[in-house]
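Undergrad: Here's a sequence, model it:
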Amino acid sequence: MRDTLFHFERTENTSIQSQIREMLVSAILNGQLPSRMPLPSSRKMAKTLKVSRNTVVLAYQGLVDDGYLTSRERSGFYVNPEILEGRANSDTRQDEPKGKKLDWKKRFKLHPTIHPTIKKPLDWQTYKYPFISNQVDPVLFPIAAWRECTRQAMGKRGMDAWTSDTSGSDDPQLIEQIKTRLLPRRGIMASTDEILITLGAQNGLYLMASLLMREGVRVAIEDPGYPDARNIFSVKTSNITPIPVDQGGLPIDERLDQCDYVYVTPSHQSPTTRTMPMERRKALLSRAEEHDFVVIEDDYESETNYASSPTPALKSLDINNRVVYVGSLSKTLFPGLRLGYLVASSDLIDELRALRLLMLRHTPNNNQRTVAYFLALGHHDTLIHRLHRAYRSRWQAMAAALEKYLPGSAEIPTFGGTSFWVRGDENMDSFDLAKDALTEGLVLEPGTPHFAGEAPPANFFRLGLSSIPDERIEPGIELLSQIMKRHKA
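TA: Coordinates of the predicted model:
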């Protein structure tokens, strides 16, 4: 056997033993190591891979325990023929299609690809100046606490909670923590049957749109606003009314009167960062009652208020169940978790739960239980305090740097949050700016997808501060100002 069959690229986040195991498992399942084939001795394999012999021995023994290899005394390790039983023969696949190729485009009833979305480089961590929003700074995240909560959630004692099909039910421990820990922070009192766990805020919006909206239903949205909410609603109805926001967020006037639903981000308007005043919130609820529409409150970045007095959620003022509250744990934990929740009338939650059952049954039980422990043990509150301290420092550094290098380009968010909404020269194209900035190690988000309409402004962009250390903010903004000057010229 050629020694070149065995090699791997070492990675920082995986142990050498695990990488050896992955290499051998792939070779066995892909047929590169046929059944009953002997493997090189542990000494020879260690020499080939330039690793310790003990590491190879442990990898071999682990594969024996899992049935991939068999061990023969004084002979060595061999590929276990039983491991490939029950697998279909891949040689039966036809390489050349026969007949007319299917035209899938004719069958599409929807075209989600036409909707503009926010796109971020997947390798944003490798850039020196990642002014990217809604991402996690690993320095701030309590990985040890999260690992301990995961260990408890995945323990044998609680195995039934995370291995069972709960038929649409949510983890009662997580529901209790949301009800007693998270919602009271926003001034919301809710019963257990008024809470539904979702795969993030976006999933909650899609569930509501699927249940409540169809062609002809009228929906008012903020402009600029959250593009994925607009896209979700547009899949169900073409009757979307974009309303330009002002200094207080969404204006409350007669444009709402003929709508069935009004989507709003009152705590921290996405993306302009403006906060809706209390008087306007009350006016919105009064108008909803008078003209019989429902308010969908996306409480975007509610947990990152470190610059002003906390403002209660719109839902906390709702006495007639006209507000559907959308919450998420992505901004304080991490977006990859995909865990959020809806708070609404129990009648609505019952139907949403039944709809969710058809789509995905329930959110992953292991994640729900882990988050329940994370909340119950106080780790979430500790994390929020840590984020507030870090974000406040970065927020101040960002405000000072923008005023120094790009004066008058952005308002300082009075709420706090994790981003600044920046306006460039009228002739600037934020997509071109973002493309050029990437070549110099700077990541920013073009603002155009946030706008509705056929000719959206191109000179706005968003600068996030959640994932960039303080000391890189000013030099990053200085570099950005130089790039913008070149574009202006």
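Undergrad: show me the contacts for residue 276.
TA: 248-250, 264, 266-267, 269, 284, 314 (CB atoms under 8 Å, 6 or more residues apart in numbering). Glycine gets a C-beta too; all of them are placed from N, C-alpha and C.
Undergrad: which SS state does it fall under?
TA: coil (DSSP: H, G, I helix; E, B strand; the rest coil).
Undergrad: Okay, it and residue 364: tell me how far apart.
TA: 34 Å (CB to CB, to the nearest Å).
Undergrad: What about the contacts of residue 276, which are in strands?
TA: Among the contacts of residue 276, the members found in strands (DSSP state E) are residue 264.
Undergrad: so which of the contacts of residue 276 comes closest to residue 14?
TA: Using CB to CB, residue 267 comes nearest to residue 14 of the contacts of residue 276, at 39.6 Å.
Undergrad: Can you list the residue ranges for strands in the chain?
TA: With DSSP E as the criterion, the chain has strands spanning 69-72, 76-79, 129-130, 195-198, 219-223, 240-244, 261-264, 294-298, 323-328, 340-343, 419-423, 442-443, 445-446, 460-464.
Undergrad: sorry, back to before: among the contacts of residue 276, which are located in helices?
TA: Using DSSP state H, the members of these that fall in helices are residue 284.
Undergrad: ok, back up a step: reformat the strands of the chain as CSV; add mean pLDDT, mean neighbour count and distance to residue 154.
TA: Shown next, in CSV, are the strands of the chain (pLDDT from 0 to 100; neighbours: other CB atoms under 10 Å; distance: least, CB to CB, whole Å):
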stretch, mean pLDDT, mean neighbour count, distance to residue 154
strand 69-72, 90, 16, 27
strand 76-79, 90, 19, 30
strand 129-130, 96, 22, 32
strand 195-198, 96, 24, 18
strand 219-223, 97, 25, 41
strand 240-244, 96, 17, 43
strand 261-264, 98, 26, 37
strand 294-298, 96, 25, 32
strand 323-328, 95, 26, 24
strand 340-343, 96, 25, 22
strand 419-423, 94, 23, 35
strand 442-443, 96, 24, 35
strand 445-446, 95, 22, 36
strand 460-464, 95, 26, 32
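Undergrad: So which bits of stretch 244-257 are buried?
TA: Neighbour counts over stretch 244-257 (16 or more other CB atoms under 10 Å) mark 245, 248-252, 256 as buried.
Undergrad: no no, stretch 122-133
TA: 127, 129-133.
Undergrad: One more: stretch 144-158?
TA: 145-146, 148-150, 152-153, 158.
Undergrad: Using TSV, please lay out the residues you listed together with pLDDT and distance to residue 239.
TA: As requested, the buried residues of stretch 144-158 are exported to TSV (pLDDT from 0 to 100; distance: CB to CB, whole Å):
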residue	pLDDT	distance to residue 239
145	94	47
146	92	43
148	93	49
149	92	44
150	91	45
152	90	48
153	88	44
158	71	47
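Undergrad: thinking again about what came up before, closest one of the contacts of residue 276 to residue 84?
TA: Distances from residue 84 to those, taken by CB to CB, are shortest for residue 267, at 55.5 Å.
Undergrad: I'd like to know how many residues surround that closest one.
TA: 27 (other CB atoms under 10 Å).
Undergrad: List the residues that contact the residue nearest to it when sequence neighbours are not counted.
TA: Nearest residue to residue 267 in three dimensions, chain neighbours excluded: residue 302, at 4.7 Å (CB to CB, 6 or more residues apart in numbering). Taking CB under 8 Å, 6+ apart, we find residue 302 in contact with 186, 267-268, 313, 327.
Undergrad: swap in residue 372?
TA: 153, 171, 173-174, 176-177.
Undergrad: And it, how far from residue 382?
TA: Following CB to CB, the distance that separates residue 372 from residue 382 is 16 Å.
Undergrad: go on, residue 173?
TA: 19 Å.
Undergrad: Which of these two has more residues huddled nearby?
TA: More crowded of residue 173 and residue 382, by other CB under 10 Å: residue 173, with 18 against 13.
Undergrad: Show the pLDDT at that one.
TA: Per-residue confidence (pLDDT) for residue 173: 94.
Undergrad: Equivalent analysis for residue 102, please.
TA: 87.
Undergrad: Tell me how many other residues surround it.
TA: Residue 102 has 9 nearby residues by other CB under 10 Å.
Undergrad: Torsion angles phi and psi at it?
TA: phi -70, psi 130 (degrees, to the nearest 10).
Undergrad: So which elements touch the least confident helix or strand in the chain by mean pLDDT?
TA: Least confident helix or strand, the chain: helix 159-163 with a mean of 72, by mean pLDDT, DSSP states H and E. Packed against helix 159-163 by the contact rule (3 or more CB pairs under 8 Å, 6 or more residues apart in numbering; DSSP states H and E) you find helix 365-376.
Undergrad: Quick one: the contacts of residue 276 as TSV, columns for distance to residue 460 too.
TA: Below are the contacts of residue 276 laid out as TSV (distance: CB to CB, whole Å):
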residue	distance to residue 460
248	19
249	16
250	18
264	20
266	21
267	21
269	14
284	25
314	26
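Undergrad: any idea which of the contacts of residue 276 is closest to residue 193?
TA: Distances from residue 193 to the contacts of residue 276, taken by CB to CB, are shortest for residue 314, at 20.9 Å.
Undergrad: who's in contact with the closest one?
TA: 264, 266, 276, 281, 284-285, 295, 297, 323, 325.
Undergrad: Kindly report the same for residue 11.
TA: residue 19.
Undergrad: Could you check how far it is from residue 57?
TA: 22 Å.
Undergrad: now swap in residue 171 and tell me
TA: Residue 171 is 41 Å from residue 57, by CB to CB.
Undergrad: Next: residue 167.
TA: Distance from residue 167 to residue 57, by CB to CB: 45 Å.
Undergrad: neighbour-wise, which of those two wins?
TA: Using other CB under 10 Å as the criterion, residue 167 and residue 57 rank with residue 57 on top: 16 against 8.
Undergrad: I'd assumed residue 42 was in contact with that one.
TA: Yes: contact criterion CB atoms under 8 Å: residue 57 and residue 42 qualify, at 4.8 Å.
Undergrad: Report the central residue of the protein.
TA: By CA atoms, centre = their mean, the mean C-alpha position of the chain lies nearest to residue 335, the distance being 3.1 Å.
Undergrad: pLDDT at it, what is it?
TA: Residue 335 is given a pLDDT of 85.
Undergrad: Quick check: it touching residue 136?
TA: Yes: contact criterion CB under 8 Å: residue 335 and residue 136 qualify, at 7.2 Å.
Undergrad: what pairs with residue 464 across the strands?
TA: residue 419 (DSSP bridges).
Undergrad: and it, what is it in contact with?
TA: Residue 464 neighbours (CB under 8 Å, 6+ apart): 130-135, 418-419, 445.
Undergrad: Pop the domain breakdown of this structure in here.
TA: Using automatic domain parsing, the domain parsing of the chain gives 3-84, 113-139+382-488, 165-372.
Undergrad: Show me the shaky parts of the stretch 51-200 of the chain.
TA: Filtered on pLDDT under 70, the stretch 51-200 of the chain yields the residue ranges 88-97.
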